[in-house]
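Visitor: below: sequence and its predicted model.
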Amino acid sequence: RKEVEQDPGPFNVPEGATVAFNCTYSNSASQSFFWYRQDCRKEPKLLMSVYSSGNEDGRFTAQLNRASQYISLLIRDSKLSDSATYLCVVNKGEGFQKLVFGTGTRLLVSP
Amino acid sequence: DAMVIQNPRYQVTQFGKPVTLSCSQTLNHNVMYWYQQKSSQAPKLLFHYYDKDFNNEADTPDNFQSRRPNTSFCFLDIRSPGLGDAAMYLCATSRDLFGQAVNTEAFFGQGTRLTVV
């Protein structure tokens, strides 16, 4: 079983749509969680950290369910510029960022 | 200004010819990482340095080595590149989290795309 699993997609949505991505992780001892965004042939960039209480950043909302080892990302009012691959990332390090990446979910937003 | 800089952005090397990729950082972070990302796959951690301490992942081939002469620089050496080593190589940095309660960010360079011919 992969340490971090995601549906690869692609998710094709129209502008303005709401889309949700899910991710599961296998190591129950994992302490911190993130969503990264990666554009084609570019490096991953941090989109947001994921906290147990859930957190929101503009149109983006992340949720963590530790009991189910499940992480989600909700994007509201999708923009064309949201088209990218969204990587679910789990930190398995102790005291530093030893990141384990999911394979990513590809999002395509169309006019 | 770029904080994690990788050179070159694109590297073409011959099968079996040693190649070195470089990474530098201006963040004074004590942890540096090398990831390998093949097409349509997740970035995979090869190894990391915690200060001067080198930590190899169990499944990283011996063909891959690394050097960190000082805090700012880290090199990835591929001793005998094979066709299967063609990938994007990503350098990242982060700072020690011990004693910190918040999630901190890992900063990635723009990557070096390696082609083996």
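Guide: Yep, it's here. Residues are numbered from 1 along each chain as shown, chains lettered A, B, ... in the order given.
Visitor: who in chain B is up against chain A?
Guide: For chain B, the residues in contact with chain A (CB under 8 Å from any CB of the partner chain) are B:31, B:33, B:40-45, B:48, B:50, B:88, B:90, B:92, B:94-98, B:103-106, B:108-111, B:113. For the C-beta atoms, the positions are set from N, CA and C on the backbone; glycine is no exception.
Visitor: measure stretch B:18-34 end to end?
Guide: Taking CA to CA, to the nearest Å as the measure, stretch B:18-34 stretches 17 Å from start to finish.
Visitor: tell me which residue is most central in chain B.
Guide: B:W34 (2.3 Å; CA atoms, centre = their mean).
Visitor: chain B contacts on chain A?
Guide: A:4, A:8, A:32, A:34, A:41-46, A:49, A:51, A:87, A:91, A:93, A:95-104.
Visitor: A:K45 contacts A:Y36, doesn't it?
Guide: Yes: here A:K45 reaches A:Y36: they are 6.3 Å apart, a contact under CB atoms under 8 Å.
Visitor: who's more crowded, those two?
Guide: A:Y36 (24 against 14; other CB atoms under 10 Å in any protein chain shown).
Visitor: and A:R41, how many neighbours?
Guide: A:R41: 10 neighbours (other CB under 10 Å).
Visitor: cool, B:Q110 as well?
Guide: 17.
Visitor: give the closest residue to it in space, chain neighbours not counted.
Guide: In space, and not counting its chain neighbours, B:Q110 is closest to A:E43: 5.2 Å by CB to CB, 6 or more residues apart in numbering or on different chains.
Visitor: for A:N27, same thing?
Guide: A:K92 (5.8 Å).
Visitor: tell me which helix or strand of chain A sits lowest on mean pLDDT?
Guide: Counting by mean pLDDT, DSSP states H and E, chain A has its least confident helix or strand at strand A:99-101, which shows a mean of 90.
Visitor: neighbouring strands - and their directions - for that strand?
Guide: Its sheet considered, strand A:99-101 pairs with strand A:84-91 (antiparallel) by DSSP bridges.
Visitor: any buried residues in the partner strand, and which?
Guide: By 16 or more other CB atoms under 10 Å in any protein chain shown, the buried positions in strand A:84-91 come out as A:84-91.
Visitor: same check on stretch B:25-33?
Guide: Of the residues in stretch B:25-33, B:25, B:29-33 count as buried by neighbour count, 16+ other CB under 10 Å.
Visitor: now the chain, which segments are flagged as low pLDDT?
Guide: No chain in the question, so chain A it is. Low-confidence regions of chain A, defined by pLDDT under 70, span residues A:94-96.
Visitor: right idea, wrong chain: chain B
Guide: Across chain B, residues meeting the criterion (pLDDT under 70) sit at B:1, B:97-104.
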